[in-house]
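J.: Model the following, please.
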Amino acid sequence: MTRLASLFLLTALLLPAQDPRFTNLMKDLLIFDAHIDTPRYFADENYRLRDRHNYYELDIPRMREGKLGAVMFGLYAQPQDFPPERWLPRALETLEALHAEVEANPNDMEFAYTAADVERIHKSGKLAALASLEGGHLIADSLGVLRLFYRLGIRYMTLAHFASNNFADSMTGQPIHTGISPFGRELIREMNRLGMIIDVSHISDKAVLDAVEHSRAPVIASHSSAKAIAPIIRNMPDNVIQTIAKRGGVICLNFHAGYLDKAAYDVFFRNRPARDAEIKAVTDVKPVDWEKVRAIQRKYFEKMPKVDVSVLVRHLDHLAKTAGVDHVGLGSDFDGISGMAPVGMEDVSKYPTIVKGLMKLGYSDQDIRKIMGLNLLRVLRQNEEVSKQQ
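T.: Numbering: from 1, shown residues only. Presented below is the predicted three-dimensional model:
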């Protein structure tokens with residue numbers, strides 16, 4: 001980034017909160033994050049959202065400060081960390097923990113099942129909580145289980161996670177299908193029929209293209225960044241981004257510092273085996289000392305080069321210029337990135353910083369509304385409409 005561009009973004013991030021345009025925009029802005037992974041903490045650590053915390057990235061006090069309006073909470077069991085017989089039970093346990101936490105905070109949260117629910121709950125001043133599955137392996141290769149998850153509130157599913165499965169090749173796994181398998185195409189048809197959004201983050205570029213081709217409804221990339229800016233394996237190239245957009249889909253930006261900046265990723269990737277080994281040594285001892293786990297995560301994050309929030313805004317700007325402003329959203333991956341957030345975007349209280357950055361870059365109020373939440377809401381509604389047509 002040029003010095004002029006850096007100064008431009010710095011000015012944006014220092015935009016005074018009393019700026020009338022900013023103040024008016026924030027009054028009713030829907031901020032809709034496509035991917036936050038907090039439910040595992042409900043299940044494992046008795047993490048309660050009503051309390052303000054100085055660790056992890058989401059709680060109700062900070063949610064209020066950041067004006068967060070809706071979240072697709074991610075439920076997952078990483079295939080490399082859990083044995084297959086635990087994948088489905090783990091997904092159900094975290095989903096139950098999410099429902100229980102929402103019910104425990106009725107003045108601040110409500111579970112949403114439709115786009116209309118999201119709008120109603122947001123207008124009431126509460127957080128609209130939705131649920132998603134991160135990885136097709138979680139349904140135990142059963143379309144019947146998929147339908148059950150839909151009844152329980154799941155509104156999108158990532159076709160694969162860190163490993164390829166019987167539906168799709170993972171971006172970081174061994175390719176076995178050259179994209180989407182015949183069973184994966186059957187899965188896509190059933191998700192379209194239900195109105196469940198197809199999520200193409202984590203899957204191979206060829207699998208993304210296959211999914212877009214076979215889906216009758218727009219897809220999302222729930223938490224992906226731009227490979228043109230940070231050329232790493234988990235990020236999406238421009239041609240794939242444009243293909244998603246041409247069919248009405250949305251690319252939701254991942255906030256992981258290592259996915260936003262190649263230099264940060266290189267350090268993260270080099271140190272990850274040692275970090276994971278240290279964490280495993282702690283988590284193998286029951287009960288788990290989660291503060292020790294967080295200390296290990298912090299130690300390795302501090303070894304990475306710092307990444308400023310301006311880099312995050314630059315990714316959003318690139319996505320908007322590449323895909324069109326109607327096809328960009330937020331997918332922070334908060335509480336799934338081990339605290340590796342950019343400076344100035346440490347938790348959910350910081351969303352207004354993005355608004356300020358987009359304002360200074362010349363985005364209109366309506367374009368900012370789209371990027372911050374309306375694009376994702378549109379895709380949710382369009383998937384519902386495709387389901388009704390079937």
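J.: Domain ranges for the chain, per the record?
T.: Here the domain assignment for the chain is 3-266+309-389, 267-306, based on automatic domain parsing.
J.: Let's have those domains in CSV, adding mean pLDDT.
T.: CSV is the format used below for the domains of the chain (pLDDT from 0 to 100):
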stretch, mean pLDDT
domain 3-266+309-389, 95
domain 267-306, 97
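J.: Buried deepest among those, which one?
T.: Across the domains of the chain, the average number of neighbours (mean count of other C-beta atoms under 10 Å) peaks for domain 3-266+309-389, which reaches a mean of 20. C-betas here are computed from N, CA, C, even on glycine.
J.: Please name every helix or strand in contact with the longest helix that the chain contains.
T.: Longest helix in the chain by number of residues, with DSSP state H as the criterion: helix 262-283. Helix 262-283 makes packing contacts with helix 257-260, helix 290-301 when contacts are defined by 3 or more C-beta pairs under 8 Å, 6 or more residues apart in numbering; DSSP states H and E.
J.: what's downstream of the last one, the next helix or strand?
T.: Read that as helix 290-301. Secondary structure here is assigned by DSSP states H and E; on that basis, the next helix or strand after helix 290-301 toward the C-terminus is helix 309-323.
J.: how far off helix 262-283 does that next one point, in degrees?
T.: Our comparison of helix 309-323 with helix 262-283, counting by axes from the mean of the first three to the mean of the last three C-alpha atoms, to 10 degrees, yields an angle of 110 degrees.
J.: export the helices and strands packed on helix 262-283 to TSV and tack on distance to residue 317?
T.: Shown next, in TSV, are the helices and strands packed on helix 262-283 (distance: least, C-beta to C-beta, whole Å):
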stretch	distance to residue 317
helix 257-260	13
helix 290-301	25
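J.: Which of those sits closest to residue 353?
T.: Closest approach to residue 353 among the helices and strands packed on helix 262-283 (C-beta to C-beta): helix 257-260, 14.2 Å.
J.: The closest one packs against which elements?
T.: Helix 257-260 sits against helix 262-283, helix 309-323, with contacts defined as 3+ C-beta pairs under 8 Å, 6+ apart.
J.: I'd like those written out as JSON lines, with distance to residue 57 added.
T.: Conversion of those to JSON lines gives the following (distance: least, C-beta to C-beta, whole Å):
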{"stretch": "helix 262-283", "distance to residue 57": "17"}
{"stretch": "helix 309-323", "distance to residue 57": "14"}
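J.: and residue 73, which of those helices is closest to it?
T.: When the helices and strands packed on helix 257-260 are ranked by proximity to residue 73, the top entry is helix 309-323, at 21.1 Å, counting by C-beta to C-beta.
J.: Summarise which helices and strands the next helix-or-strand element following that closest one is packed against.
T.: Read in the C-terminal direction, the helix or strand following helix 309-323 is strand 328-330, with elements assigned using DSSP H and E. Helices and strands in packing contact with strand 328-330 are listed as strand 31-36, strand 250-253, helix 309-323, helix 375-389; criterion 3+ C-beta pairs under 8 Å, 6+ apart.
J.: how big is the angle separating the third one from helix 375-389?
T.: Translated: helix 309-323. Angular relation of helix 309-323 and helix 375-389 on a 0 to 180 degree scale: 40 degrees, by the same axes, to 10 degrees.
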